[in-house]
Each structure stands twice: as structure tokens, then as C-alpha cells.
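**Q** Give the three-dimensional model of this entry:
(2 chains)
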Amino acid sequence: MKSRLLFILGLLLFVCLTNESSAQKPIRVSGQVISSEDQKPLAGVSVKIKGTSFGATTGANGNFSIDAPSPASVLVFSYVGFGEVSLSANSKSVARVSLSPTSKALDQVVVIGYGVQKKRDLTGAVGSVKMADLQKAPVRSFEEALAGRLAGVTAAAADGQPGSTINIVVRGNNSLTQDNSPLYVIDGFPIENPDNNAINPAEIESIEVLKDASSTAIYGARGANGVILITTKKGKEGKPVLTYNGYYGFQQNNKKIDMMDPYEFVKYQSERDSANANNTYFINGNTLDDFRNVKGIDLQDSLFRTSPFRSHFLSLSGGSKDTKYSVSGSVLNQEGILTNSGYDRYQGRVRLDQRVNANLNAGINVNYSYLHQFGTSPALGGNGFYYGNLLYSVWAFRPVSGRINDPTDVESDDADFLTLNGFNPIKTARNELREKFSDVLISDAYAEYSFAKYFKLRVTGALTKNKIKSDAFDNSQTPRGSPLTKSGKDNGVSGSEVNSQLTSWVNENTLTFSKKMGVSNQLDALAGFTTSGTKVSSFGAAANHIPNEDLGISGMDEGQPVSITSTSSAYSLASFLGRVNYSFRSKYLFTASFRADGSSKFAPENRWSYFPSGAVAWRISDEKFMKGLRFLSNAKLRVSYGSTGNNRVSDFAYLSRINLPASLGYSYNNQPMNASILTALGNPNLKWETTNQTDLGLDIGLFNQRISLEVDAYRKITSNLLLDAAVPGSIGFSTALKNIGKVQNQGLELTLNTVNVKGKFNWNTNFNIGFNRNKVLALSDNETQRLTTASWDTYTTNVPLYIAEIGHPIARFWGYIWDGNYQYADFDQNTSGTYVLKTAVPSYGTRTSIKPGDIKFKDISGPQGVPDGVVDAYDRTIIGDPNPDFTGGFSNNFTYKNFDLNVFFNFSVGNDVININRIKFEGGGQTNQNMYATYINRWTPDNQNNTYFRTGGSGPVDYAYSTRVIEDGSYLKLKTVALGYSFSPKIISKISVSNLRVYVSAQNLLTFTKYQGFDPEVNKFGNDALRPAFDFSVYPYARTVTFGLNASF
Amino acid sequence: MKKIALSLLILSGIITSCKKFLDTKPTDFIVPEQYYNTEQQLNEALAGVYGSLTTVATYGLQQNFYLVGTTDESYYKLSTTSPHPLYYNITPAEPRTSNTWNDLYKGIDRANYLLANINKPAMDEQHRNAIKGEALFLRAYMYYLLVTQWGDVPLLLTPTVDGRQVNNPATPAKDIYNQVYNDMKAAKDLVNDYTTNGTPVHVSKTAVEAMLARVCLKMAGEPLLDVAKYTDARAWADSVIQSHVHSLNPDYKQIFINESADLFDNSYKEVLWEIDFYGNNIGALQAGGRWSIYMGVRNTDKDIGYSYGYQGATGYLYKLYAAGDLRRDWAISPYNFLGNAGTTKVLVVPTDAYSRNEGKWRREYETVLPRNTEFSPANYPIIRYSDVLLMFAEADNEINGPTARSFDALNMVRRRGFGLSVTTPVVSVSVVKDITLSATGNTGYLKTVPTIPVTLSGGGGAGASATASVSTTTGKVTAIAISNPGLGYTSVPTVTVGTPWQPNTSYPAGTQVFNGNNLYTVTTTGSSTTTAPTQTSGTSDPNVTGIGFTYAGAKATGTASIATATVDLNGLSQDAFRTAIRDERARELCFEGIRKFDLIRWGIFIPQMKMIEADMNTNLPASLKYAVREYTNVSEKDKLFPIPTLELSLNSALQQNPLWK
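**A** This is a model prediction of the structure:
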């Protein structure tokens, strides 16, 4: 204290001696600073003397005391989140200075490409995720909680399997056949398709999503799908803080599908195939009535379980003015709700930021994660046979055999599964080994050098290494390895392992210039040069007929070698980038950016491409004429336009390929010889896919930002699509990559933040909604529509389910219009009593085989373009639209005393889903297969309805895609609820704890939907833009409830 | 100024190093420009061209079954309803036909690449010529398959380099045939002769000549009707005959056993060109074929050979064979497998003409073990010497009417069919035709012994043999089939079903013997005395009969019939000879993928199919009735396949075949 006083005195003396105008006498000023809101004292407010570096801070009671050089000196009071106040040292008000909270949101710093910016000064459309809310969701990766957090950003999971793909799309799909996922920039380093499970959501400081061209164009060729910026936590100046966050909870299956009970099942089987029923169920003198009240077997009960979910996170951070550090580690174990599946993560991170001298800062950040995903995927597999999928076998299994109440009638009767061409799914799930181990290392370092007052040079380097080991093993208790199955007969016990490796490095060098010119002009400029490279390789082997299955993968060497995988590829990118921000009086804001990208993915003459963008913003609320509108705390108009690219093609797509595949050869005299074939037709003219986007935005803040509204309207047109375009087979290839086709996305996004109640009880709301309309403007040469099939069943392999049509969205469902059932009225009864379809009634297949109660479809066209009485390929039409009308989220935070509550909903409205399961489980499938309970209400002479067709009346298999199985997939989900209680500092400080909160948090609590399957948020085909919203035998979502503890020391 | 120069220098330095930096080279594949540099690479490329004929869409399954398997000789046994080329109910969007179209064009492009680069390596010219000739031939053959099945199609003879040159108009069929003819002719002078190659896998001079004969016959027939081509056809076939390299294998079935067992017939060289399939697809190499599994007799047992049994033989074909024609019971399987699984063969009753399957390639003869359920190493013959002889006879007859040479060519094939010496003229043979099971007796056979012996005695002939099948559910003999019709039967031989009781003979327990009309089962192992059991119930006294003989039932009896079959044909009119050739081709070449093309070029496709429809309506067993639709559906437009929808939508210069519009 003494030394500080001496120091201040010394300084004062210095000022006195040097300052010519220091004739006047210094005075001591003291007073108190309070908040205008609640009249409470504010501690830590900075009090500075204008034009000098002298200053003081307020104490705990808001009091301060400072020696001003003269009574005329101006004191500047500033405090984060409050408006600055300047007062003369001799002013009376100094005694009690009241600071008003500013619109905090506007001063919030937002991370943008190659820099940060105040929200106030943004010209582009940038969405910031409210991390505090997101972190309340008990999830493994931030992706899982991203849905509904930001307007215009959808994050849909393929299904509920731990680790399943989350398909994140910003403002709609641009590309038909190529990857539509955004570029990720993690702590400044651009990465395509990172494994987001490697990042612990608790370590994330902020997530920003760059949406419009003005903000993404700085990422040039990789920016067209939007950019997600993730910034991890840094150490903060201050004393060391040790934080522990742990939770433990349970996951449960959200929904079980009702199946037929033994009585209904046997009744149906006897209708379906009476001869079989007589031999199978009506044995030992059983009659149908004997099956009443028999307890049936439902394998869903054996497959699903309540599984534990736990996480521990420990971090130590702190630092001085010069050194800031953060060290953390975490363990997460998530077991899946389906037996023998789950996900584990072990992760650690070290971050160090050091100020070397006044001009030089440097830092390093290393994150390592070890990920372990295991369990069979019910959606995959099947080999194109619907009965090969796991959940199919679960539902299909008979609830009862002919041996009623026989204790030996257990679920493990392999023979009964074989009659369904399947395999015991419980055995499958328990024995199939499907494991993925990943080592993910993300490391980066930077040095920042400030010079010549306005310049800053930043040099960074990053290295990412991703090693993945994928194992698969099928022992004799699995469908592929069992001697009971066809595949097992051929392959025996088999296994495979593939090791793949990705190494990616980036070097970025940027020079920034920042200068305030005069009072009104602020100029910021950025120029940079970056290079990056990515190398991938994989190596693996597979074997079958493995003699000793107990050895697992290690026993592969004793088996019959099947194949060796070895691939390698590389890609490099060099770029020049620049950006200028100019602001005039913080009122008129201009941004222009430019990036030139050179990519090795294209032929030398097409390597370079240029991506310019520009934006202007006008803060209307700062205009004098708006000052009268006091309730208006912010009003800003933004306009931006620019172009960005997409280079998501394989590394050497421009070259034709000759390969000598090990699987192919021709045998001369029983001596197989390698055969070389052309495997791809190159395209030397291949170039970037370009997206031009216009964005018009309006930000409004009312009542001192208690209500803030952001509205963005956009239109983006993607042209020269990198399209894996169909080509006529006569040229010797089926597809070729071309720059062809055009897609448009336009839409509207709204984000509303409100403070509803303030005081002891607080209630804040965030609501966002996005409307996107997607439209194909052009396809390949001569192509006006593109039909896509879905692979799940050999019978429908060639039946298209999706159509991409010019003038319409990338994907819509294509099939027949379901028209209920044929009723007696549609038939004439001839003399022999048989029902003959009336000639005026349209038919399909063999006309004479149609019977009352059969499924009926609408005849809408024919070869001449008019209905022709025959339902055939001409009658296929649009039967559903998987694109939602709008999606969004609704988050509420309540605090009362020490309690906090977060309630988060997300929703999607107007999207259709095809429930393929119903094709097989409502009257389809095979003999001896169980059906959904809904099918009890099928058409019978006593129950003539239009809901479910009669037993055996499903029509031809290739008519299965109809409006009957298209369902409204709109939903409202109560996604996250978190309730916490923070102990008051008074109590816990006694045990040296600075912060202690206990909480209960739940994910996927409730789903409000009309959809009949597990969950409408589903797609077996992951992120395939051409094949969305497909539900067949997928992993259901878990409801998670966890109990946790946050503590800081 | 200096500064600017310096910055420019730095900038240009960056740009130059950028250029290098961005110039990555592929490490996982080769680009065509860097390939075709050595003889080895040309050979690999040639293997790629041959390989395009082994895919599922070509000779792996479709070109020899799915696209050609419903004719007057065979039908498709699967009862599903979705469109299938074998049901003649496809639409232009049919994937199977379009897959074949695509795979053939893929092969053509591979050949085009090879031919365009054929002169690149420095190498032995003779080797180069052989590769060039084979590539030229294979391309021509693939165009032959395209033009015969689709009509006017695009004719592309240079490698594809630009994915945007998609609008390729059709070339008239006539011009394609001419191109095929000329390319094959050119190939003939480049390829090796058969003896140099040693096997029928690489195309040889005689193979090309034989194929030229086939192409010429097609050109002479529908739709071109260029009858002048008969002369060429005759000349090319004759050239093969005169080479004296090839001859008929005296044992018809051995041709197919060789193909299943991966053997090459070096003595007769009957097969001129075949598609070589390899292995059981258990290792990395996936080079097996599927047709034999889809066509052959249904069996879910993998050890003897898994098969689907989808190709049924028509009663019409079955009846085309004369008694004593050994080809019938080889080409058409006389048995099914018990329960469609295992090794027990159940004979098909002789009167049931339609329930049999194709039986040429029997999986039990495969030597590559373990047998795979989807892939077989069996090879597929494209052209055989018997075909050459019949083509010669056909062309000769069309030009000159029946001549001695054409009769000789036809009769050589016929004699071999009866198992007779090919070169010795034979007027006729007298053989055991069939055995009819008597309706009386026939009870009490062990349900565990599915096959029992049948002896034929007397009748003046020799060599005839037969077996009987016993039902495992009823214990009755269900059918007796001739396994060898024998020779020289002048009267009906006596048929004895089962083993007669004999004195002083040792019998294991469970043996069944008969005495008189009574059937007995031996109760304990031991020897018989001289007293035979005669009781009609219960067990005989072991003290008297040596061991206990338990009365089981009444013996089954059968009556043989004999027939005299004409072997050598003589003195036929031109028309009659033409018919004889057509029937002989069915008997000799059935299931070898040629029949549909033959019927079409002869202009009798539709009438012949409708004839089968009528025949089926009366003769099909109820369980197979659904198969009639294949013949009801077929119509004029099915002489060609539709141009694939996808091709039409992407190649705007192409028109749909008129009848498919």
C-alpha cells in the first residue's frame, strides 16, 4: 500500500513537473458510484482522469477517491456493461455517480473470420449461440444441442445412436450430390468435417455462425455452406480457479412401438396363410381363443435398456497480466439405450497465452481426445434386404409360438428368426463388434507482434491429426458369421480392421491495421496469406473363415485373407485474403472483403478463384432524427452481397482414373490376371461451385435492449454446382463430375430476445425462427428431373422415392397417391360369387386379382397424359415434401433467488417423413412376421374401412411408396430442461468454495408430434441432400436425465 | 522504385512456390496418359475388356439368363410380380436391361482406350497384334450384343474423354452390323490361332471365324434379311471345319462337367470361346459367375451347391428329344433335391414335362471348395463346334438346299447326342423309352432310403439301366427313370424294382428285399436260409428263414416301353431340313443363351412363344400356372429391348425404339 502511494505520488510529481498547465492546484475527489437501475453501489468501476493514465477503481461499497490534477480535470467513469460517464472533478454530482447499464448485447464482442468485432459494428449476418444455455444440455457434443439455437441453422441427427452423424446445414442445402456441411473454424483454424465429439462442450467459450456472404467470403472457397466459429476457453487474469463439473444420469428409450399381442398375431397369421398357421400355431390342439391372455414376447423389452451417462470435468485456470493458462481434462461415458452400444471420451487440453513484451504476445493451445464409439447400427446393414436390419428383426419376431405357455418358448429360438430370413437381433446386438477408436489431436500456436502504432502482425500455425481405427468382427453368433445364415455359410467368422489417418496443417499470416482518424473515422484493414495442406491415408485388412473366434480381431491372421485396403491422397490450398472495415461515426459502416484461393483439387488452369464481398450498415438509431424515439435503443440496417465457393470434391476429381482393383481380374486358363479399368472420368474443366448471396438485415432494440429483434432476409444462388451428374451409359460411364446445375435458397430469419420479468424473479426469453425455401434452378445437361432411389430392400431397389425437379426443392417424395381401399361398391359380383372389379374403377397389376379390401391408388395419368384406368408408372407424382416450412427454437431462463431454470424447446413444422417401417409392419413383410398393433384395424368384411387394407391386400411391392406411409413430421420438442440451485457464497466460503451449484438437467423430455414412428427427426441416409427424412429401423432417441454438480475453488 | 521491385520479386516468388505447392500428384491411381506404356499394361487393359463380359449384367448372370431365359425352351420359375425381362413386362426404366447396356458400353470404352493406345509401348509385334485383334473382336462382339438386342444404338469407336459430349445419335443397325463384321474380319488376321492359345479363353482365329458365321446368319435373317450373307456364313463356318482344329467331344455331358470343374478339353477342343469365371469369391478376387446358381436345380445345401432353381425347361423342349437322346437328361435335370436341400435326388415323374430345371452345369462337379452360395467358378461357352456344324448346315441349306455335306454336319451332332460314334452313319437306335409305374402294390418302402435300384433284363438289348425314387413321406416309389436307355432292344425288357430275396445271403438289418410281390424288411443282421419268407403279415420265424423278415408291403412294379429313334436324317426337303436344324439347335444348344436370338432371326419368335402359351395352358401343373403370363405378355416389341430411360433423358440425340414409344 505504501509503495503504491509512493508510486502515485511520484507520478503526480512527474506530471506536476512536466505539465505546463499545472499551475492550478490538484484536488482530491471522492464519492460513490451506483447503478441507476437498482441504486446499489458498483464495485470495480474504473475512474480515470481524462487525458492521463491516472486512475482508480471503486471499492466494495462503490466508493472511490482520486487526486485530480485540477478542478477542471475530467473524470471518466467506466464499467463493463454500463454507459461511460464523464464529469468535471469539481462537479457536485461526483459525490454520487449513477451509471446506467448500456445495451450489453451491443457491446458484446463477436468472433468473426480473422478477428473480432463488437456486435454494434457488425455489418454481416452472424449468429451467436448462447453458450450458457447450450451448456445446460446434458449432451456429449455441442452438435447435439445446436438444433433450434440459431435462426437458419438446422442440426438434425440421422438417428439416436451415440455418435451418429449430425447434419448441420446453414440456410439450406446448396449442393445436390456434394457435402453441404459448413466449414468449421476452431480457435481460428479452418477444418472441414472435424469430429465434433473431440471437443468437450464445457470447454467452448463461444460458437458463432457466419451466415451471409459478407462474413463468410473471407473463407472463400470453403465458405459457401456457412462457417461455424468455435472458440475455446482461455485462462483469465486472476487467482487460480479450480472448477469441477460432474454429472451422472440415465438414458431411457423415449418410445416403444405397440405390436400385436399373441391373439391378434395368430389371428392375422391364420388369415395370411392358414396352412402355415395350422402347422405352426394351431398345434397341440390349440385354437385361436387359446391365445387370448397369453403373455407375448416383445423383443423391444430385451433390446432396450436404461443406461448410465456420466461425465467428469476438471479445469484449472488463471493467470497474471502477462501469463494466462488453462489446463483441463474430462471423462465421459455414455452407454446407449440399445444393448452393447455407447460412446466414451477421454479428453485433455492445455492452453497458454503469454505476453512476451509490450509488443509481442504468443500462445499455444493443445487438445487431445480419445474417442471410442461402439455398437451395431440398426439403420445400417441389411445388405439391401429389409429383413437384415436390426430393428426389423426386433419388431418382426413372433410374440408367441405354437407352444403356448411352454417355458422353453424363449426369445432365443434361432430357427424362428431364420423363417423370417433374419437372425436373432438380441444375439446380433450383443455379439456384433462394431467399434471405432479415434485419436484426435488439435494443436495451434500463435505469435502476435504490434508495431508502428497501428499495425499488428499475427503468425499462426496449427496441426490436426486424426487417427481412426475401425474394427468389425462377426462371430458365429451374428447374422454374418453364423453357420445358419447364407452369408455365414459363405464367409464363416469374419473380421476387418481399417486404420485411417488424417493430417492437416495450416499456416496463416495476417497483418492488421487499425486507426481512428479524427473523431469520426475508424479504419480497420486486414491482409493475409495462408497455406494449408491435408494428407489422408488408410490401411486395413479383412479376413473370413477365422478359425478361432475367441481371439476376435487378433485372430484375423489365422483366417482366410479377403482384402487389403490402402489409400492415400493429399490436398493443398493457398490463399490471399483482405478485408477493410470503415466506419463513420459508428453510424455508417462499410465492409469489403476479398479472398483468392488456389486449390490443388482442380486442374492448373482452374486452380485460382476469387471471392469478393461487400456490406454496408446504417445505424439509424444514431441519427439525430431518431433521438426522439427514446424507447428505441438500437436500429441498424444491414445489406451485404458477395460470393463464396465450395470445393468439396475428392482431391483429384479432375483426373480420369485407371485402377487395378483386387476384386477384378480375368482368369486365363485358371490363372487370374489383374485387370485395369477406367474407374472415373476426369473433368479437366472442373472448377469451384459458386454461391452468390444477398442478405438484408434489420436489428432493432427497444427499451434499452430489453427487447431486441434481428431480422434477416436472404437469397443465395449456387451455380456451377459440383454435381456428380448422371451421364448416358453409352459413353462408358454412369456419372461424371461436372460444374452444372443451379440451386437457390431464400429465406427469412427472426431472432427475438426479451427480458420479460426483471427483479427478484427474472425471466428471459430467446425465440428464433427460420423460413428457408429451396429450389433447383437447373440440373445436368438435358436433365429436367432427377429421380433417386433409396436402398433398403431389394424389391424397391429400382423404384424411385425422391425427385429433384427444376423449379422445386432438391428433394421431394415421389410415388402413388393412396386412395384407401377397394370397397364392395367397386365390384360387381358375378354368378359364381366372385367379385369382379367394375370397368370404370382403375386397377393395377393383374386386374382380376384385385379383391375387396385391397389397397387402392389414384389413377391420375397415363401414356396420353390423362387417366387411363390403370395405375402404373405414369401415376407416380409428388407425395410429400420433406422440407420444413419453418424451424426454430424457444429458450427461457428463469432465476429466482438461488434457483435457475432453463427450458428449451425446438420445433420444425411442415416437413414430411416417410415411415418405411409401416410398409413392412402394416400388412406387408413376410409370413410369421409380427405387425404393428395399428394393423388390427385392417379391412375385413365386418370392418370395411379405408384405413388399413385387408390381410394380403398390399398391392405390388413396387407400389409401396405412397401417401399412405408419408407422415407429417412436424414436431415441437421440449429439448432441454435444467434446474439448478446455487449455494450462497456466505455458506460455501466457509469451506473455501467460491461457487457451488447443484442441478438436474434433462434432454429430449417430450416430443409433441403426430408422427407414428420413434421420432420425426430421422434420416437413415445421414446428410444426403437427395434422400432426406427416411425412417427405417433406426436407433431411437434417448431421454436423458442427469444430476450434476458445479464447483469452483 | 527499389521497394516496388523487391515486393514484386517477393510476390512472384510466392506465386511460383504456390504453383508448386498446389501441384499435388495422385498417389492412389494412375491417369490414362501415364498408362499403356508396357506390354504388361496392355495385357492388364485387355483383361479389363474381357472382364466386362463377366459382370452380373453381362455373362455373370443377365446376358445368359435374365435377358434371354424365357423362350420356347425355358421359362422363369420365380413367381413375383415386379417387372422382369423374363416376364416380358418391363418398362424402358427397367434396370436390368439398362445395366447390361451400361456394362457393354463400359467394355466398349475400355476397348476404345486400349485400341487408341495400342501402339504406345515398344514390344513384340505379334504380341501387339494379338492384343489388338482381341480388343477389336471384343468390341465388335459387344456391339453385336447391343445391336441385336436394342437395334439402332450409338456407335462410339474412340475413347471417352469429355463427360459433356453426351448427345450421341444412333447409328442404323445395318451400319453397326457392317462395322462388327469388318472389325471381326480384321481381328481374325491379328489374333493367334487356337493351338497357340491352347485354350478357348483368349479369342482365336477359329473362334472369330465361328463368330463371323453367327453374325452373318443374323444379318441374313431378321431384321436385315441380307440373304447374301448366307454365303459368308457358310464360308466362315466351313473355314472352321476345314481347319480341323476342333471336333465334337464324344461325351456330351463332359463338355459341361469340364466347365464346372474348370477343366479344358485339349483333345477335342469343342468349345471355341468361353467366358472364364474363377474361384469361389472367398478371397479378394470376385471373379465367379452367378448364372449356374440362379438357373440350376434348387438346393439350399451349400456343400453340394446352393442354387435357386429359377430356370425351368419347357415341356416343348423336353419332348423335342427322341428316346435315347442322351442330351435330354443332362441338359434338363431329371431330378430335384429332396426338400430342396441336401444330396438326395428325387426323380421327376416322366409324365410331368414342365417341372424340370436346367441341368447342364451341375454344381456338384465344381472343384473349387467350399462352394459359395452366390458365385460359381463354372465357365460359360459362347460358341461351340457343334454350333459351327449346325450353322454350316443351316447356311448351306439356305443357299443350296440340303446337300450331303450339310446332312453330314447335322448328323454328326445328332450321333453324338445318342452317344454314338460321330463319324459312323447310323440309321436308328432301339432303346428303352420309359418305365411306367404300376398303380397296384407299391407300399411299405422305407422312408429313409430314397433311391432303390431297378434292373432291366431281356428285350434283346443291352446297357439300359434305371433307378427308382421313394417318397420319404408315403413310403411309395414315386418314379422310375431311365439312367441309360441302352441299345438294341427288340422287345420290352422286364423291369425289376428293388432287390430280390436270395438264399444264403448275408443281410444287414434294415435291408429291404422282395419275394414274389411281397416286400420284407430284415429285422436283425444275419444270413438267409434257403427258405424264403412268404407271409403277408408279421415277421417270419428266424429258425426257418435264418433271420426275421418282416412283411412291409407290396412290391412296386413297372412296365418298360421301347422305341426306335431315327439318328441320321436323310432325304429331307429344304423346308424340312430347315425345321430339323431349328429343332436340333434347341436340343444341342439349349440354355446357352442363343435361342432367343435364333427365334428372332428366323422370324418365328412370336408364333413360337404363343405356341408355348397354348401348350402351357394345357400342360402346366397348377403350382406353376403363373408362368403362362410370360408368354401371354410377350409381343412384337419384345424383339428388342427399350432404350433405357436414363440414357434417353441424358442423350437427347437418341430416340426410343419405335415399338417402345
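
**Q** A:Asn507 contacts A:Gly461, correct?
**A** Yes - if you go by C-beta atoms under 8 Å, A:Asn507 and A:Gly461 touch, sitting 5.1 Å apart. (Each C-beta comes from the backbone N, C-alpha and C, glycine too.)

**Q** Enumerate every residue touching A:Gly552.
**A** The contact partners of A:Gly552, taken as C-beta atoms under 8 Å, 6 or more residues apart in numbering or on different chains, are A:433, A:473, A:475, A:495.

**Q** Pop out the phi and psi values for it.
**A** In this entry, A:Gly552 is assigned phi and psi values of phi 60, psi -150 (degrees, to the nearest 10).

**Q** From B:Tyr551, how far off is it?
**A** Remark: distance between A:Gly552 and B:Tyr551 (C-beta to C-beta, to the nearest Å) = 60 Å.

**Q** Repeat that for A:Glu237.
**A** 109 Å.

**Q** Those two - which one has more neighbours?
**A** B:Tyr551 (18 against 11; other C-beta atoms under 10 Å in any protein chain shown).

**Q** and the more buried one, what is it in contact with?
**A** Applying C-beta under 8 Å, 6+ apart, the residues near B:Tyr551 are B:444, B:518-520, B:533, B:535-539.

**Q** List the beta-bridge partners for it.
**A** B:Tyr520 (DSSP bridges).

**Q** residue ranges with poor pLDDT in the chain?
**A** If you meant another chain, say so; for now it's chain A. Segments of chain A classed as low confidence (criterion: pLDDT under 70) are A:1-24, A:37-38, A:53, A:80-81, A:101-106, A:382-383, A:405-413.

**Q** My question was about chain B, not that one.
**A** B:1-16.

**Q** what's the closest non-adjacent residue to the residue in it positioned nearest to chain A?
**A** Of all residues in chain B, B:Asp109 sits closest to chain A, at 2.7 Å by C-beta to the nearest C-beta. Of all residues beyond its chain neighbours, the one nearest B:Asp109 is A:Gly732 (2.7 Å), with distances taken as C-beta to C-beta, 6 or more residues apart in numbering or on different chains.

**Q** Over to A:Gln269?
**A** Going by C-beta to C-beta, 6+ apart, A:Gln269 has A:Ala277 as its nearest residue, at 4.6 Å.

**Q** for A:Leu122, same thing?
**A** Per C-beta to C-beta, 6+ apart, closest to A:Leu122 is A:Val110, 6.3 Å.

**Q** Quick check, that neighbour in contact with A:Arg120.
**A** No - using C-beta under 8 Å, A:Val110 makes no contact with A:Arg120, being 9.6 Å away.

**Q** Under a three-state scheme, what state does the closest residue to chain B within the stretch 751-900 of chain A occupy?
**A** At 4.3 Å from chain B, A:Asn798 is the closest residue in the stretch 751-900 of chain A, using C-beta to the nearest C-beta. What DSSP: H, G, I helix; E, B strand; the rest coil gives for A:Asn798 is coil.

**Q** Determine the number of other residues adjacent to it.
**A** 16.

**Q** what's it in contact with, if anything?
**A** A:789, A:958, B:93-95 are the contacts of A:Asn798 under C-beta under 8 Å, 6+ apart.

**Q** again, 6 Å this time
**A** B:Pro95 (C-beta atoms under 6 Å, 6 or more residues apart in numbering or on different chains).

**Q** How about A:Arg786?
**A** A:779, A:804.

**Q** all helices of the stretch 451-600 of chain A, in order?
**A** A:486-491 (DSSP state H, counting those that start in this stretch).

**Q** Get me the contact residues on it for chain B.
**A** Proximity of the stretch 451-600 of chain A to chain B (C-beta under 6 Å from any C-beta of the partner chain) is limited to residues A:486, A:489-490, A:560, A:562-563, A:567-570, A:572, A:574, A:598, A:600.

**Q** Pull out the buried members of these.
**A** Buried members of these, counted by 16 or more other C-beta atoms under 10 Å in any protein chain shown: A:486, A:489-490, A:560, A:562-563, A:569-570, A:572, A:574, A:598, A:600.

**Q** packing partners for the helix or strand harbouring the residue nearest to A:Leu122?
**A** With secondary structure defined by DSSP states H and E, A:Val110 is part of strand A:109-112. Secondary-structure packing of strand A:109-112 (3 or more C-beta pairs under 6 Å, 6 or more residues apart in numbering or on different chains; DSSP states H and E): strand A:115-118.

**Q** If we use 10 Å, what do you get?
**A** When contacts are defined as 3 or more C-beta pairs under 10 Å, 6 or more residues apart in numbering or on different chains; DSSP states H and E, strand A:109-112 packs onto strand A:115-118, strand A:126-128, strand A:204-210, helix A:213-216, strand A:227-232.
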